[in-house]
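**Q** Need coordinates for the below:
(chains A and B)
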Amino acid sequence: MSRIGVFICHCGENISRTVDVERVAQVTARLPGVAIALDYKYMCSDPGQNLLKKAVAEHKLDGVVVAACSPRMHEKTFRNAARAAGLNPFLCEMANIREHCSWVHEDREEATAKAIDIVKFTVSRVKKDRALAPITVPITKRALVIGGGIAGIQAALDIADAGHQVVLVEREPSIGGHMAQLSETFPTLDCSQCIMTPKMVDVANHPNIKLYTWSEIEEVSGYIGNFQVTVRRKARSVDEDKCTGCGVCMAKCPQKKIDNAFDRNLGTRPAIYVPFPQAVPNTPVIDRDNCTRFKTGKCGVCEKVCGPGAIDYGQQDQLIVEPVGAIVVASGFDLYNIGPKPADSPYEGYGEFGYGAIPDVIDGLTFERLASASGPTGGKILRPSDGKEPKQVVFIQCVGSRAREKGISYCSKICCMYTAKHTMLYKHKIHDGQAYVFFMDARTPGKNYDEFWRRAVEEEEAVYIRGMVSRLYQKGDKVVVMGSDVLVGVQVEIEADLVVLATAVQARTGADLLAQKLGISYDRYNFYSEAHAKLKPVECATAGIYLAGACQGPKDIPDTVSQASAAAAKVMTLFAKDQLEREPIVARVNERNCAGCLACKKVCPYGAVEEKEIRDRNGNLIKTVAYVNPGVCGGCGTCQATCPSKSVELDGYTDEQIMAMIEAL
Amino acid sequence: MKNAKMHLSTETMNLGFVKKVEALSGSSVRRCFQCGKCSAGCPMRSFMEHPPNRIVRLLQLGQWERVLAGRSIWYCASCETCSTRCPNKVDLAAIMDALRKLSWDAAGPSKESYVQLANRLFMENIRTYGRQYEMRLAAVFNMKSGQFLKDLMLGPKLITKGKLKMFHAKNQNVGEIERIFSRIEEMRKKGEAP
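**A** So this is what the prediction gives:
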């Protein structure tokens, strides 16, 4: 006969208002196997926990039911109390009579009857509980950081500075990401390159960081503490060890007319190139799609001029497997793709805004390149169509963002600030020019942010017009902006020389594919989902994977850097232990009964089921059975529901326990 | 005019006018972020075609003609509620004063209102009689504005209550008052007075 203690909580009045807790105690005390049943105002308080501990000792209890709130809330609290009293913590279960009963019912009689039932079947379940020991998993103390923008750089540097090895994987030939493309940054107007490049160099020189540029994630397997990541190192066609970064190959390459994507296609680059002069590593890549040698077999100039002999046309993609214990995803964002791309223009289309059809309608990132000292115009703001200095520039905010009709309902968060910045950069370079901004709301929360925007209006004399633009069209060499000032209540028309659209921040193209490789969830915009919007903002629901930067949602640089450091701190917390303790609520296979059909393997969402061969002492195969890796198992019970021979069971939720609970009703 | 499309450019935005307003009033126009608190508390709002916040908005866009064309600036009672409550320290009452002054000088855009006429007759009376002579003011105003019967029926009531005198009572020191007027005129010529 078991000796079970039942502890019923009033939760102040949360439970006792609708449930007659004293009667629940009286009724459940008479259940077979129950040694004692008590009620108390706050079971989770210190005196409440002491009551439990004392009862375990006095009544020699071998099982505990706490009838209170959800196990999400206090299961850990009471299991720790049980452990302190000398009981195996997994022999303590919660009966949820708050969320499942008192909060959702009004009738006191019925609620009390239901509470008694809930306690009753939980008692039946505890009777069949097994004492479980926590599972320990070894931790590989190396981290993988995906993405070499400011988020990835910050996370990698923080983890590496803590003394752990970091593998940093970047898809492009150089790290730097979007921040390297910016001219100056809000709200202080420091030059982006000046604050960014030292960090890039730190990454390259850090003894704890292994940098893979021009590389992509091929496959991810394993689980927290023990991931196996396959990295595809795309063929660079240049030997990184031999190359000195002298740049002769780039200077001599005869094919120089390739649109430079880093400059938003405003400038050109050779077929062998680094995206920008401050690239890290400063090793060029051959763009095989545009290289004459790869297209026709006739050229090879770079090979001839390369002193160290670093050019290697025969290089193949390499697959490298890296064991890591934690992953930081910092894969960044793209700008909203506005409509179909006309063949003869680098710009995408957006119907009424003529984006793509009108050459002097550009997006914000293109403006950054125009204003950047390292950009295609050397920092002179010249419009794309005829290279003239624009005297009237119109900025339009919320293009794509907050436009449900275009498919995005969220605010891109950074555009108000960068547009204010653009008006200042413009005024600083073209003193007699006039900037106009069409906006719906100016959203500038952040330290020194609103002051920055007001400075653009009050001191830099940008004319802000509250209202949206209906349409843009070309008239002579001007772009006519048809807008409205809702404050005055009239239509506004401006003949602009240049129009800059603040396009929406969007998830990276292919973000969903990377998420599927990693086994992390993403929202309907393909932004990666955090485990909890408020309390777990950097953790993924998948253990051991953390988020940094705009891959999770639109973010400015300060927020991105903060989150990257937070993700790094989470990785360090994980690496501070030598072994990882996991809840032992995992599935176990009864190998005697298992027929080896592996139906469980097909349904397991965690990839925790493996094949296991059972051999006799001579090494002859007897049979193949399923094996559940306890380090990977998420304890969902899908295998248990699927198994045709009932030979896999989830600890704490065995068929026997579930049946006992049903019988108790 | 009021609802006509605005064409904005460095030519159509008269920022020189705005600078004048700012200099005269000692208050920034750009500082206003259009919260609308001034209009919320303005006792004359219901008589104005442009509420106070829109006056500032139009100034921000250099639309001086739209500002001066309306009667809003003349309906302003200078109660200073707006200036007292403005979260951005925009002294709207002072801006209204400045606008009335500039409107007076421009002597064009506000023609549609009779405010200028009334003001001129008022000052002339003072200069001539040393004090106000209401009967004459009303009579001449009605004649010059072509509204001969305007408020005529108020006359007898005011007369019986002693509020309107048939004959003026001349000030004894008209000469001194004349000196004040001539001095201001001289100062204006030299540019010492606004």
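**Q** Next one: A:Met424 from A:Ile430, what distance?
**A** In this view, A:Met424 and A:Ile430 are 11 Å apart by Cβ to Cβ, to the nearest Å. Where C-beta positions appear, they are placed from N, C-alpha and C, glycine not excepted.
**Q** So for these two, which sits in the more crowded spot?
**A** Looking at A:Met424 and A:Ile430 with other Cβ atoms under 10 Å in any protein chain shown, you find the greater number of neighbours at A:Met424, namely 21 against 17.
**Q** wait, that one sits on A:Glu461?
**A** No. Taking contacts as Cβ atoms under 8 Å, A:Met424 lies outside contact range of A:Glu461: 10.1 Å.
**Q** Would you mind listing what in chain B touches chain A?
**A** Residues of chain B found near chain A (Cβ under 8 Å from any Cβ of the partner chain) are B:2-10, B:13, B:28, B:30-31, B:33-34, B:53-54, B:57-58, B:60-61, B:63.
**Q** Going through these, which ones are buried?
**A** If you count burial by 16 or more other Cβ atoms under 10 Å in any protein chain shown, the buried members of the residues of chain B next to chain A come out as B:6, B:8, B:13, B:28, B:30-31, B:33-34, B:53-54, B:57-58, B:60-61, B:63.
**Q** What about the residue nearest to A:Ala235 when sequence neighbours are not counted, how many residues nearby?
**A** Taking Cβ to Cβ, 6 or more residues apart in numbering or on different chains as the measure, A:Ala235 lies nearest to A:Gln315, with 4.2 Å between them; neighbours along the chain are not counted. A:Gln315: 15 surrounding residues under other Cβ under 10 Å.
**Q** Provide a list of residues in contact with A:Gln315.
**A** Contacts of A:Gln315 were listed using Cβ atoms under 8 Å, 6 or more residues apart in numbering or on different chains, and they are A:Ala235, A:Arg236, A:Ser237, A:Val238, A:Asp239.
**Q** So it: helix, strand or coil?
**A** coil (DSSP: H, G, I helix; E, B strand; the rest coil).
**Q** what's the domain layout of the chain?
**A** All of this refers to chain A. Chain A breaks down into these structural domains: A:4-127, A:142-333+A:532-575, A:335-506, A:587-664 (assignment by automatic domain parsing).
**Q** right idea, wrong chain: chain B
**A** Using automatic domain parsing, the domains assigned to chain B come out as B:15-108, B:115-190.
**Q** nearest to A:Pro134, of the domains of chain A?
**A** Proximity of those to A:Pro134 was assessed by Cβ to Cβ; the nearest stretch is domain A:4-127, lying at 8.8 Å.
**Q** Quick one: end-to-end length of that closest one, please.
**A** Taking Cα to Cα, to the nearest Å, the span from the opening residue of domain A:4-127 to its closing residue is 8 Å.
**Q** Need the outlier residue of chain B, farthest from its centre.
**A** Relative to the mean C-alpha coordinate of chain B, counting by Cα atoms, centre = their mean, the farthest residue is B:Thr160 (31.3 Å).
**Q** low-scoring pLDDT stretches of the chain, where are they?
**A** All of this is about chain A. A:337-350, A:355-356 (pLDDT under 70).
**Q** That was the other one, I meant chain B.
**A** Within chain B, the stretches falling below the threshold (pLDDT under 70) are B:1, B:107-113.
**Q** Identify the single longest helix in it, thanks.
**A** Using DSSP state H to define each element, chain B has its longest helix at helix B:174-190.
**Q** which parts of it are buried?
**A** Neighbour-count burial for helix B:174-190, counted by 16+ other Cβ under 10 Å, picks out B:Ile177.
**Q** Also stretch A:633-645?
**A** In terms of neighbour count (16+ other Cβ under 10 Å), stretch A:633-645 has its buried residues at A:Cys633, A:Gly634, A:Gly635, A:Cys636, A:Gly637, A:Thr638, A:Cys639, A:Gln640, A:Cys643.
**Q** OK, contacts around the fourth one?
**A** Contacts here follow Cβ under 8 Å, 6+ apart; on that basis A:Cys636 touches A:Pro605, A:Tyr606.
**Q** Kindly report the same for the one 10 residues further on.
**A** Applying Cβ under 8 Å, 6+ apart to A:Lys646 gives the contacts A:Asn593, A:Asp655.
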